[in-house]
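Peer 1: here is my input, please return the structure:
(chains A and B)
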Amino acid sequence: MNQQAFKSRSELRAWTDNAVTALSILATVVVIIPLLAIFGYLIYKGASSLNLAFFTQIPKPVGESGGGMANAIVGSAILLLEASAIGIPIGIGGGVFLAEFGRGTKLANAIRFTADVLNGVPSIVMGIAIYSLIVVPQHHFSGFAGGVALGIMMIPTVSRTTEEMLLMVPHAVREAALGLGVPNWRSVLSITLKTASPGIITGCMLAFARVAGETAPLLFTALGNSFWSTSLNQPMAALPLQIFVFAISPYDDWHRLAWAGALVLILLITLAVSLVRYVTSRGVLKGAS
Amino acid sequence: MGVRIDVTNLNAWYGTNHTLQDITLNIPANHATALIGPSGCGKSTFVRCLNRMHETNPIARVTGTVRIGELDIYNDAKPVQVRRRVGMVFQRPNPFPTMSIYDNVASGLKLNGYANRRVLDEIVEKSLKNSALWDEVKDDLKKKSGASLSGGQQQRLCIARALAVDPEVLLMDEPASALDPVSTSKIEDLIFQLKSQYTIVIVTHNMQQAARVAEKTGFFLNGRMVEFDSTHKIFTNPSDKRTEDYITGRFG
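Peer 2: Below is the predicted model:
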């Protein structure tokens, strides 16, 4: 090959390299724009209605101005705690079974398939299912039923990410534990799960953030509540429900509160996820992978 | 102290693949024994049968008798009991990535429910000294992850981890093949020191390494043991033509 051809080829390569880099930067920007746009618009519409009353008062009756969403914020927190208490342990347990104890068995394949289907079930269907399983027999709407609906929705995401993360733990690490005479169950709990924990926590946070914004499963279960109630046996307010009710109302005042509610919902989810990240990353050692 | 290993008519399979055929072998206590042979000859499978790691693969199967000291490991013991007496060091260093250096060494004891703080401290220090790693890590024991060390240090950490449970036998499956020459010579020095206290079985592709560290050497070929004798005899005057061909580099 002569010198000239070589030079032009290397120029072509450099040009291609630059073009691909530029394209990937462009793609990243395109991904981020909607996120920033939504967030910016929420701040623009909602920030002006945020005040102390928003966090301390319950909604005022129609016609009175002011009021807040304190009951919905607390209600959402309770519902999400209940959902996490149901969805995270069951999801992680299922993921451990899929990846460690049941790997390759028919039962595991059936569970994995079911989890994938469950993941695809529309959330309104989940609401109706819990309505007929819990609300109808109890003859009343309740926060408890809402938490169950959200919790069940978390299970497939948590269990599939747990499985994926466990499978990514190198075989050598498992062998090291077995080679020390550690029983398999102990090795799974103390070594494999721990090694995979950053990814599993991410999966739990994803599931949490997803159900935190769900409205449909709560429509027939937690129902919503205009008054203070922290009882799981009573209908319970939740931010998405309150936003929904206010947003479709004909009152400008309520529209502004709905915007503020949406902003607060996103901020609280971000806060919760960041807090978990901070707490779980504190114990990580220098150089740990 | 180390114990002798007596292997009688050992056969092993992966699925339908008969990877070890009728191995009978007596490995002396408190010596280093090297196993050499081309890739796929069954030497790794053989050491994995000595601590029942072979059977962790669901399609694997074993027949025959292996005695570690007086213990018939396939008939009189559970795999976890066997593995506490027979330590193993793998080809690639495999420290637990989320654990500190200290916890890596203590892991065998801690995970088996042993928790006396003071005794653990002593064992960790002793094991790290035995694996010639103490001076390099003593200031970062609980600060740094085992994964933050260099490859050679990680491998010595894995040796310390294996020693901490006080085994009678130490199996080493190509312990230096992923390391640079300096780290390799440190591992070899270590084997030299450790063999007075432990029975060491080392698989290696490096024939000089076998000659340097081991009193006895076995040559494996196609799942059979061709020859087992003193290292000196194997490398200077082997009885079998195939051994001679292999060590002189005519095949493999």
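Peer 1: mind giving me the packing neighbours of the longest helix seen in chain A?
Peer 2: Ranked by number of residues, the top helix in chain A under DSSP state H is helix A:3-46. Using 3 or more CB pairs under 8 Å, 6 or more residues apart in numbering or on different chains; DSSP states H and E, the elements in contact with helix A:3-46 are helix A:252-281. Using the backbone N, CA and C atoms, a C-beta is placed for each residue, glycine as well.
Peer 1: mean confidence score for the helix it packs on?
Peer 2: With pLDDT averaged residue by residue, helix A:252-281 scores 91.
Peer 1: same deal with stretch A:148-164?
Peer 2: 96.
Peer 1: again with stretch A:82-98
Peer 2: 97.
Peer 1: please apply the same query to stretch A:111-130.
Peer 2: According to the model, stretch A:111-130 has a mean pLDDT of 94.
Peer 1: same thing with stretch B:10-22?
Peer 2: Mean predicted lDDT for stretch B:10-22 stands at 94.
Peer 1: gap between that stretch and the chain center?
Peer 2: How far stretch B:10-22 lies from its chain's middle: 20 Å, per CA atoms, centre = their mean, to the nearest Å.
Peer 1: ends of that stretch, what's the gap?
Peer 2: 5 Å (CA to CA, to the nearest Å).
Peer 1: buried sites along that stretch?
Peer 2: B:10, B:11, B:12, B:13, B:19, B:20 (16 or more other CB atoms under 10 Å in any protein chain shown).
Peer 1: which residues sit against that stretch?
Peer 2: B:9, B:23-25, B:42, B:45-46, B:49, B:54, B:57, B:59-66, B:223-224 (CB atoms under 8 Å, 6 or more residues apart in numbering or on different chains).
Peer 1: filter these down to just the ones in strands.
Peer 2: Judged by DSSP state E, strands contain the following of those: B:9, B:23, B:24, B:25, B:60, B:61, B:62, B:63, B:64, B:65, B:66, B:224.
Peer 1: what does the residue nearest to the last one when sequence neighbours are not counted show for phi and psi?
Peer 2: With CB to CB, 6 or more residues apart in numbering or on different chains as the criterion, residue B:224 has its nearest non-adjacent residue at 5.2 Å, and that residue is residue B:21. Dihedral angles of residue B:21 (phi, psi; degrees, to the nearest 10) stand at phi -120, psi 110.
Peer 1: dump whatever helix or strand comes next after the longest helix of chain A to CSV, restricted to CA.
Peer 2: In the C-terminal direction, the helix or strand that comes right after helix A:3-46 (DSSP states H and E) is helix A:52-56. This file holds the C-alpha atoms of helix A:52-56, laid out as CSV (Å, rounded to 0.1, in the frame of the first residue of the first chain):
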residue,chain,number,x,y,z
LEU,A,52,-45.5,26.3,54.1
ALA,A,53,-49.2,25.8,53.9
PHE,A,54,-48.8,23.3,51.0
PHE,A,55,-46.8,21.0,53.3
THR,A,56,-48.8,21.6,56.5
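Peer 1: in helix A:52-56, what counts as buried?
Peer 2: Residues residue A:54 are the ones in helix A:52-56 that count as buried (16+ other CB under 10 Å).
Peer 1: one more: stretch A:73-84?
Peer 2: A:73, A:74, A:75, A:76, A:77, A:78, A:79, A:80, A:82, A:83, A:84.
Peer 1: chain center to it, what's the gap?
Peer 2: 13 Å.
Peer 1: please apply the same query to stretch A:35-51.
Peer 2: From the chain centre to the centre of stretch A:35-51 is a distance of 21 Å (CA atoms, centre = their mean).
Peer 1: same deal with stretch B:135-149?
Peer 2: 24 Å.
Peer 1: now swap in stretch B:185-199 and tell me
Peer 2: Worked out by CA atoms, centre = their mean, stretch B:185-199 lies 11 Å from the chain centre.
Peer 1: ditto for stretch B:73-87
Peer 2: 15 Å.
Peer 1: now do the buried residues in that stretch.
Peer 2: For stretch B:73-87, the neighbour count (16+ other CB under 10 Å) marks B:73, B:74, B:77, B:79, B:80, B:82, B:83, B:84, B:85, B:86, B:87 as buried.
Peer 1: CA atoms of the one helix or strand residue B:211 maps to as CSV?
Peer 2: Assigned by DSSP H and E, residue B:211 belongs to helix B:207-213. Extracted in CSV, the C-alpha atoms of helix B:207-213 (Å, rounded to 0.1, in the frame of the first residue of the first chain):
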residue,chain,number,x,y,z
MET,B,207,7.6,-27.1,34.4
GLN,B,208,10.4,-25.0,35.9
GLN,B,209,8.0,-24.1,38.6
ALA,B,210,7.2,-27.8,39.3
ALA,B,211,11.0,-28.5,39.4
ARG,B,212,11.6,-25.6,41.8
VAL,B,213,8.9,-26.2,44.4
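Peer 1: buried ones in it?
Peer 2: B:207, B:209, B:210, B:211, B:212, B:213.
Peer 1: out of those residues, which comes closest to residue A:235?
Peer 2: Residue A:235 has its nearest neighbour among these in residue B:209, at 74.6 Å by CB to CB.
Peer 1: I'd say the closest one and residue B:32 touch.
Peer 2: No. Using CB atoms under 8 Å, residue B:209 is not in contact with residue B:32, being 10.4 Å away.
Peer 1: please list the residues of the stretch 151-252 of chain B that sit near chain A.
Peer 2: B:158, B:161, B:162, B:165 (CB under 8 Å from any CB of the partner chain).
Peer 1: now do the contacts for the first one.
Peer 2: With contact set as CB under 8 Å, 6+ apart, residue B:158 has these partners: A:176, B:89, B:90, B:93, B:94, B:95.
Peer 1: switch the cut-off to 6 Å
Peer 2: B:89, B:93 (CB atoms under 6 Å, 6 or more residues apart in numbering or on different chains).
Peer 1: now it: which helix or strand?
Peer 2: Element membership for residue B:158 (DSSP H and E) is helix B:151-164.
Peer 1: mind listing what's buried in that helix?
Peer 2: Applying 16+ other CB under 10 Å to helix B:151-164 flags B:152-164 as buried.
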